[in-house]
Each structure stands twice: as C-alpha cells, then as structure tokens.
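**Student:** sequence and predicted model, in that order:
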Amino acid sequence: MPIAKGRSNKRSSSSSTSYASTVTTVIFIALCVLGLWILTSNSVVPPQTTTTSGRITTDSTDTTTTTTSSSFSSSSLDKKDPPAYEDNPGNLPDDAIKGDTIESKPDEEKSQEGETKDSSKENSKESEREQEQEPEQTREEETKEKPKEGNESVEEQERQTENENQISEESSITENQQETKREENRGTENIQEENQQETETGTSMEGQQQQEQQQGQQEQENSESNGNETEKQQPQHEIEDVTNDETQQNDGSEQSKDEEPTKEEKAGETQEDSVQKETNQEEVSESNSGGSFIGGDNSGIPKESKESRKSWSTQADQSENQNDRRKDGSTNNSDDGSIYGYTWKLCNVTAGADYIPCLDNEKALRQLHSTKHYEHRERHCPDEGPTCLVPLPQLYKRPVEWPKSRDKIWYNNVPHTKLAEVKGHQNWVKVTGEFLTFPGGGTQFIHGALHYIDFIQQAVPNIGWGKHSRVVLDVGCGVASFGGYLFERDVLTISFAPKDEHEAQVQFALERGIPAISAVMGSQRLPFPGRVFDVVHCARCRVPWHAEGGALLLELNRVLRPGGYFVWSATPVYQKLKEDVEIWKGRSSKCLSPLLAMSLLTVSMCWELVTIKKDKLNSIGAAIYRKPNSNECYGQRKHNSPPMCKSDDDPNAAWYVPLQSCIHPVPVNEGERGTRWPEEWPRRLQTPPYWLNRSQLGIYGKPAPDDFASDYEHWKRVLSKSYLKGLGISWTNVRNVMDMRAVYGGFAAALKDLQVWVLNVVNVNSPDTLPIIYERGLFGIYHDWCESFSTYPRTYDLLHADHLFSRLKKRCKILPVVTEIDRLVRPGGKIIVRDESVAVGEVENILKSLHWEVRLTFSKDQEGILSAQKSNWRPDSYGAKE
C-alpha cells in the first residue's frame, strides 16, 4: 500500500507539473505573438495614410473613406511599401490624409504620442524613430507583467492586445494628422526654388508615391520662402480653373479635389526627378478631374481637323521653290531630347552679338554670283540651324520699359553710333550719356512724327487713322519712329529695312518696342500675303521703284489692299535735282535706255494720284496714291505694260517666291477676299471676315465663321484665367510678343487691351490663315521654324508656342529651334509652350541646359504647358569658326 500510495502521489505531482508547463508554454507563445503583433502594427500603420492619399490623387472624383480595421488590413497587405519614417521623417505632402474620415479617440496615450511626435520633428531620423517606439515598448512591458500575476486568461490577454493595437493604430493616425496640419501651416517650406520645378503630371500617382517619399527629406532641406510657393501654386489653380471652365465642370468640391493633388505633386518634386519625369511624360496622364487639359479634346475648342486641312492651302504648296528647298520634310527625326550634359559654346562669327544666321551666312554670301538685286541682303540660311549661343553685349541691361523706351534705350544694349553721327541732325537718334535718345524725327519729319502723321491725315481725310486704316507697312523704316508714334492713333505698323551699313536700324526699332523685321526689296517677294495692308508708306526710302519694269512697286501693289493708299514722301516729289526730276518725269541718267518713271508707272498700274501735298514746317512733300478696287482701268490701257499676271500666279504665295513684274487682278466675285473693305477698327477684330464661307470647314472642324468665333472665345478665356495672372508673368515688363504658331490670331486679339504688340507667325506648312489675321486688324508673317528668323538677337519679351514643336519635330530637329528661341528672347524674357507632354518635356530639358528658369510645368491627358524665363547666363568659351 505504501508503494501504491507513493506511486499515486508521484502521478499526481507529475500531472500538476505537466499542466503548469503547458500553461507557461501557452503564455510564452501568446507573449511572442503579442510582441510580434505590436511591432508589426507599429511599422505598418504609417504607410496606411500614404496609400489612401495615393488613391485620392489618382482619381480625385472618387472620395475614399476607410475604417480603422479596413485601413489596417490594406496597409498590412502592402508590405513592399517602406515605412514613411524610414525615408521621410513624417514629412508627408500637406494633403496626404485629407481623404481620411477616421476619427481619433481623445485618450491620454494619443495625446502623449502626439506631443512626442511634435518634439521629434526637430531631431534626427534616428531619434525620431526611437521616440515613436517608446510608447509601444512601454505597453509591451506592461503586457509582459500581467501574465506573471496570473490574473488574466489567454483570451483576456488577446482582447487586451487588440484594444492596445487599436489605440496604437489610432494614435499613429492622429500623429499623421497633426503632422499634416503643421505642414499646412508651414506652407511653402516644402516647395523648392521655382527653377528647380519639374513637369507635373497626373500620371499614376500610386506608382510615384515611393519616389516622392524618398525625396521628401531633401525637398525640406532645399525649401524656399513663402513668396515662392504662392507664385507657384497660383498658376496651378488658374490652369485648373480654365480646365473646369472649358469642360463646363464648375462644381466647387470637385475643383477643390483637383487642386489638392497639384499641391502633393509639387511638394514631392526635386531636381533629381528630371530623368524620371522625362520618362513619365511618355505615359498616358491620369485625369485629375472629370475634364481635360486646356487645348485637349474637351477643352472648348477641338484639335485641328485632318479633314479641314484639305480645304486650306499652305505656303509650302503655293511657293514653287519650297519643294526644291525641302524635298523631304522628315529628314532628321532623331533628336531624343537627351540634352543634359550638352556643352554649349558661343557663336564664333564676325557679327558677334548681332548675329542673324540667315543674313550673316558668310559661306553662302561668298558663293553669290551677283548682288545687283540685293541678293546679299536676302535670306541664305545654313543647311541646319546653329546650336551655338549669341553672346551678350558688354554691360547689357534689362531694356527700358514701354512707353519710355520709345524715347530712349540703353546705349550698351545696342552700342552703335553711326546712325547718330550721320542722322543726328535729322533727329533720328542721338547719344545722350548712357542712353540713345530718339527725338521722334526722321529725314522727312525732322520736327516730329506726330505732326507728319497728322499732315497725311489732313491731306487725305479718308485715310482715317485707327478706324478705316489700321494695318500699315513702312518701307525702309530707319529707326521706325513713324510706326512708333502711329500707336497713338491706334494703328499697327510693321516696319522693315535691310541689315546694311545703317547699323542696326531694325534693332533700334525693336529695342524701342516698335514692330520691325530685317528684310529687303530685292529679288524675292516679301513674306506677306497679297491684298492685306491698308496703307503702305515710304519716306525717303531710296527704293528704285521704276527699275526692272517697276518690279518693286508692283510688289507693293501685290500686298496693298484694293482701295488702299500708298504714301510716297521722297525727294522726287518736291525737289528739282536732276536725278529726282528724271525719276519723276521718265528717264534715269544711270541707264542708257528709257525707263518707266514713277509718274508713268503709276498711271500704267491704274493707281490714282489722290494728292500731292507739301508740309511747310518740315519743307517736304508727299504724293499719295490709291490702288483701284476694280479691274475696269486695266482693260482700258493702251499698252499691256506691266502685263497682267497669269491665272496660276497666286498673289498669296510669298515664301522664297521670285518677284514678278506683273499686276494681279482685283477680286470681283462677291464673297471673295478683297471685294470689300474690312469693318472699321475695333469691330473688325472680333467680326468673322465676310469671305469666310460657312460651307468651308474651319481649322478645328466647325464651319469657318464658327471656328473663328470659338477660337477667339477660347483665347480670351485662357488669357483671363491663366496667362494674365496665373503664370507669374509681370505683363508690365512685356512689350514685344511673338505667337510662333498663330491660327486665327485669337491669342493676339485677346491681348488687345494690353500695351503689347504681337507678331503672328503662320508656318509655311500650316493652313494659310494669315489673310484672316490681317483682316481682323492684326499683322503677321510667313516663316519656317526649321530656319532662323529674320530679326536681331534679344528682341522679344515673350514667345508663345501653341502645339508648334510636336508638329515641327516631324520635319527638323528641336534643338536648333530652341537655340533660336534663346537667340530671339531678351534676358528676363519668357516663353509659354503648350503642346503634347512629350514635346513639352523635350523643350524643358533643353531650356534647363540653357539655364532658363522653368517657372511652371503642368501636364494632363497627354497635354502640357510650360512657362520659363531666360537668364543672363552665357558660356565662357567660343565654338569653331562658323
């Protein structure tokens, strides 16, 4: 029995020990699970808010609402996302958690953790990580003590663990919310300097979220002052406003959601993102709202219609030499935009700071066989545009602003004194200290241009400056004082003169803020359509009108509107010198054979001599002619000289077209351009031309008059909602503007009330809409941007390029075109580019390599916009001799 009793006690003792071991093992396992759970929740919860904001950014029309458990679950599944505090010490974008609706419980532990988070923001990343984990470690130690007391079961411990985990999760969310509020208060401290901004896109924000987190710390260290963010955020808001307006989506809450991702994108960008951005631009952009980007499919004005292009001719079609010059429009399409690391050099040319590539092509000029017709003053472009940079004149300064610039400019900006020496006594230009001053005179109006302008009006009241006559061509303009003072009569004047021994006369004009181009009346037509100028003016221009069968005067007849006036103020009108008398009466002493003199030539051209008036104050005279508005006179001539032009000779063909000594008949069919005078200014600006037929498709696919009206409304909306106040452009500093790819001239028309003028450029391979631009009282020129422009360097304050580069890159490289832009724009000048996102990205890369300050980029639905400002930077070394 004792033995049996002993065995029974031993069995009982063994059972008790086994039970205790089992309980201990279960408790130990529970503690391990508990610790692992706590650690897991502490490292997984922070990315939860980032994931939520990523969803909001990608589709702002869908409001994401989550509960605590669902948020934790989605965060736990995404284990590839690193914790926010590892790469970014809590520095989330200011709208990262605005989509969350989780309510935090105001208990002591959350408050304690929030305070710890506030203090940790000013410490290093390691200190912050330790401080974040302190409350969790305290709770873990407390949990470990409770099982030792034996007062709770395993189920009770697990329930406690869940409660603590929920508190920890909610506390983490509270920390992020408090942190976001502090980020909102700091505002612009997370926006770096404007010239480091990259192209913003709405493309796949979830895929870009990790990169933005990794760059957050560097972004904070490079942050700028409050003024920078205000200037940067405003353009984004204005662009979104235009987008919503154009797509008729004016819901306030949706617009607010559209703006929030914009802030997040801006806060996450750094200079190192550029390579990634270049790749992202090739992807399809996500929509940040229900609408589309300005200029997109739903932008209020559609993209150009391929069908409508068939009904519009182009200069490339009309100009007989165009096909010979550029037989294959797709010769080089290999420019990939990878310009980082490109080594820029200064142009090593004789012209130095005044280099015009197509007029200073010394190699081509040496190969000319004759200069009899001023061929050496015409365009001779290199085979490929230069990629060197024109140096700045020494001591160059930002130009004087208009209207003061009409009277004086900085001497160091155009350091030429020859005109002052030769023409100073005629009040052209004088050197006055550090300025070149312009008294407003000229050879024919020594006592001022305004008196001369009024003298013409008094001689022919029907000229009606600023109402009947709006667009004027000034031939041989000198320093363009005539055109400069016509602005006071609400008249637009485009002046031209050759680049010749009269040093930089066109450059003087443009520096003063007066429209002008470098051109010559030589062997080719002027780059304007036929029948577009209301008045043509020549004051002592010294052009041999009667030579070569009157070819030069017949060229003016081509561009002059039927019923328009030719004002000839020259010495043959009022002087009795032998040479002048021979020109006027009919014979030139320089030639052996008789020539048609001015009086005989104008009669044979059926021009009416309206009057010959003398100005006693200036001691000059002017002969004023009027072009006929019918063909009746041509049929009554005794001699068919000059002859009528052939029926296939298009008067609008002007790009590298040789001069023809013939007369184009006046249009007579009702509804044909030229049969009626345009509406008086300013009505003509917004009135569709009478000859735009509703049966003809416009450029954008609507009936042509509707297309015209839609284009005008579109650009008024874009100007008012975006350009004028949303791009950070100070328009008081803008005077000379060029629209590099004009269609109907809507952009220029929308700027009517500002103190600017706009040169509208219609590309030679685009539909020929330049006559429409002139009809509405604006002006422009034909050009091919695969070649350099005929103007001096540093002559424009603002260039506007709407969908230019995406079309141009099919014909030539983008790099020389952007180099030409750098040549045209003044230091401190700007460019606005609207185009496909890929094209905008290529231009942006090149501009950055040129040290331009990229002030704004925005992209949406594969459409982008860029605003940039030119700096004073120039390379230190010169390239090879041109």
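**Tutor:** Great, that's in hand. Values in this document were obtained by computation on a predicted structure and should not be read as measured data. Numbering: from 1, shown residues only.
**Student:** what about the helices in the stretch 501-650 of the chain?
**Tutor:** Listed from the start of the chain, the stretch 501-650 of the chain has helices (DSSP state H, counting those that start in this stretch) covering 505-512, 551-559, 571-574, 578-585, 598-604, 632-635.
**Student:** just give me the longest strand of this structure.
**Tutor:** Longest strand in the chain, counting residues (DSSP state E): strand 825-836.
**Student:** tell me the angle of the helix or strand following that one relative to strand 825-836?
**Tutor:** Using DSSP states H and E, the helix or strand that directly follows strand 825-836 along the chain is helix 837-849. Helix 837-849 and strand 825-836 meet at an angle of 160 degrees, taking axes from the mean of the first three to the mean of the last three Cα atoms, to 10 degrees as the criterion.
**Student:** tell me what helix 837-849 is packed against?
**Tutor:** Using 3 or more Cβ pairs under 8 Å, 6 or more residues apart in numbering; DSSP states H and E, the elements in contact with helix 837-849 are helix 274-280, helix 805-808, helix 814-824, strand 825-836, strand 853-860, strand 863-869. Any C-beta I mention is one placed from the backbone N, CA and C, and that applies to glycine too.
**Student:** which parts of the shortest one are buried?
**Tutor:** In this case it means helix 805-808. Applying a neighbour-count criterion of 16 or more other Cβ atoms under 10 Å, one finds 805, 807, 808 buried in helix 805-808.
**Student:** tabulate these (TSV), appending distance to residue 620.
**Tutor:** Below are these laid out as TSV (distance: Cβ to Cβ, whole Å):
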residue	distance to residue 620
805	48
807	48
808	46
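**Student:** which among those gets closest to residue 761?
**Tutor:** Lowest distance from residue 761 to those (Cβ to Cβ) belongs to residue 808, with 12.0 Å.
**Student:** can you check the pLDDT for that closest one?
**Tutor:** Residue 808 carries a pLDDT value of 95.
**Student:** if I look at it, how far off is residue 316?
**Tutor:** 13 Å (Cβ to Cβ, to the nearest Å).
**Student:** do a quick rundown of the helices in the stretch 301-450 of the chain.
**Tutor:** Taking DSSP H, counting those that start in this stretch as the criterion, the stretch 301-450 of the chain carries its helices at 306-309, 315-318, 322-325, 362-366, 418-423, 449-459.
**Student:** of those helices, which is nearest residue 617?
**Tutor:** Comparison of those against residue 617 by Cβ to Cβ identifies helix 449-459 as nearest, at 6.4 Å.
**Student:** which residues touch whatever helix or strand comes next after that closest one?
**Tutor:** In the C-terminal direction, the helix or strand that comes right after helix 449-459 (DSSP H and E) is strand 471-475. Contact with strand 471-475 is made by 480, 482-483, 486, 491-496, 521, 528, 532-539, 541, 543, 556, 559, 774, 777-779, as judged by Cβ atoms under 8 Å, 6 or more residues apart in numbering.
**Student:** in strand 471-475, what's buried?
**Tutor:** Applying a neighbour-count criterion of 16+ other Cβ under 10 Å, one finds 471, 472, 473, 474, 475 buried in strand 471-475.
**Student:** with stretch 677-689 instead?
**Tutor:** Residues of stretch 677-689 classed as buried by neighbour count (16+ other Cβ under 10 Å): 678, 679, 681, 682, 684, 685, 686, 687, 688, 689.
**Student:** sorry, back to before: out of the helices of the stretch 501-650 of the chain, deepest packed?
**Tutor:** Using mean count of other Cβ atoms under 10 Å, the stretch among the helices of the stretch 501-650 of the chain with the largest mean neighbour count is helix 505-512, at a mean of 26.
**Student:** tell me what angle that one forms with strand 825-836.
**Tutor:** Between the direction of helix 505-512 and that of strand 825-836, the angle (the same axes, to 10 degrees) works out to 80 degrees.
**Student:** contacts for helix 505-512?
**Tutor:** Residues external to helix 505-512 that are found in contact with it (Cβ under 8 Å, 6+ apart): 354, 399, 405-406, 409, 413-414, 416, 419, 429, 436, 438, 477-480, 483-484, 495-497, 499, 515-518, 736, 791-792, 795-796.
**Student:** again, 6 Å this time
**Tutor:** Residues outside helix 505-512 that contact it (Cβ atoms under 6 Å, 6 or more residues apart in numbering): 405-406, 409, 413-414, 478-480, 495, 497, 516, 518, 792, 795.
**Student:** kindly report the same for stretch 397-404.
**Tutor:** Judged by Cβ under 6 Å, 6+ apart, the contacts made with stretch 397-404 from elsewhere in the structure are 409, 410, 513, 735, 755, 828.
**Student:** show me where the stretch 701-850 of the chain dips below the pLDDT cut-off.
**Tutor:** When residues are selected by pLDDT under 70, none of them lie in the stretch 701-850 of the chain.
**Student:** okay, now residue 694: neighbour count?
**Tutor:** The number of residues packed near residue 694 is 12, by other Cβ atoms under 10 Å.
**Student:** hang on, the earlier thing: of the helices of the stretch 301-450 of the chain, which is nearest residue 717?
**Tutor:** Nearest to residue 717 among those is helix 306-309; the distance by Cβ to Cβ comes to 22.1 Å.
**Student:** show me the shaky parts of the chain.
**Tutor:** Using pLDDT under 70, the chain drops low at 1-19, 40-302, 305-310, 318-341, 576-596.
**Student:** thinking again about what came up before, next, format the helices and strands packed on helix 837-849 as CSV and append distance to residue 456.
**Tutor:** Listed next are those as CSV, based on distance: least, Cβ to Cβ, whole Å:
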stretch, distance to residue 456
helix 274-280, 56
helix 805-808, 41
helix 814-824, 33
strand 825-836, 33
strand 853-860, 44
strand 863-869, 41
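**Student:** and those, which is most packed in?
**Tutor:** The highest mean neighbour count among the helices and strands packed on helix 837-849 belongs to strand 863-869 (a mean of 25), with neighbours defined as mean count of other Cβ under 10 Å.
**Student:** show me what contacts the closest residue to residue 764 other than its chain neighbours?
**Tutor:** Excluding its sequence neighbours, the residue lying closest to residue 764 (Cβ to Cβ, 6 or more residues apart in numbering) is residue 315, at 3.9 Å. Residues touching residue 315, when contacts are defined by Cβ under 6 Å, 6+ apart, comprise 655, 764, 782.
**Student:** can you flag the buried ones in these?
**Tutor:** Under a neighbour-count criterion of 16+ other Cβ under 10 Å, the subset of these counted as buried comprises 655, 764, 782.
**Student:** state the distance from the first one to residue 768.
**Tutor:** Computed as Cβ to Cβ, the residue 655 to residue 768 distance reads 10 Å.
**Student:** likewise the last one?
**Tutor:** Counting by Cβ to Cβ, the separation of residue 782 from residue 768 is 8 Å.
**Student:** on that earlier part again, Throw the buried residues of stretch 677-689 into JSON lines and include secondary structure and distance to residue 37, thanks.
**Tutor:** As requested, the buried residues of stretch 677-689 are arranged in JSON lines below (DSSP: H, G, I helix; E, B strand; the rest coil; distance: Cβ to Cβ, whole Å):
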{"residue": "678", "secondary structure": "coil", "distance to residue 37": "81"}
{"residue": "679", "secondary structure": "coil", "distance to residue 37": "80"}
{"residue": "681", "secondary structure": "coil", "distance to residue 37": "79"}
{"residue": "682", "secondary structure": "coil", "distance to residue 37": "76"}
{"residue": "684", "secondary structure": "helix", "distance to residue 37": "78"}
{"residue": "685", "secondary structure": "helix", "distance to residue 37": "73"}
{"residue": "686", "secondary structure": "helix", "distance to residue 37": "71"}
{"residue": "687", "secondary structure": "coil", "distance to residue 37": "76"}
{"residue": "688", "secondary structure": "coil", "distance to residue 37": "73"}
{"residue": "689", "secondary structure": "coil", "distance to residue 37": "77"}
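**Student:** distance to residue 837 added to those residues, as CSV?
**Tutor:** What follows is the buried residues of stretch 677-689, written out as CSV (distance: Cβ to Cβ, whole Å):
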residue, distance to residue 837
678, 39
679, 40
681, 39
682, 37
684, 37
685, 33
686, 32
687, 36
688, 33
689, 35
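**Student:** residue 869: which of these is nearest?
**Tutor:** Top of the list for closeness to residue 869, among the buried residues of stretch 677-689 and by Cβ to Cβ, is residue 685 at 29.5 Å.
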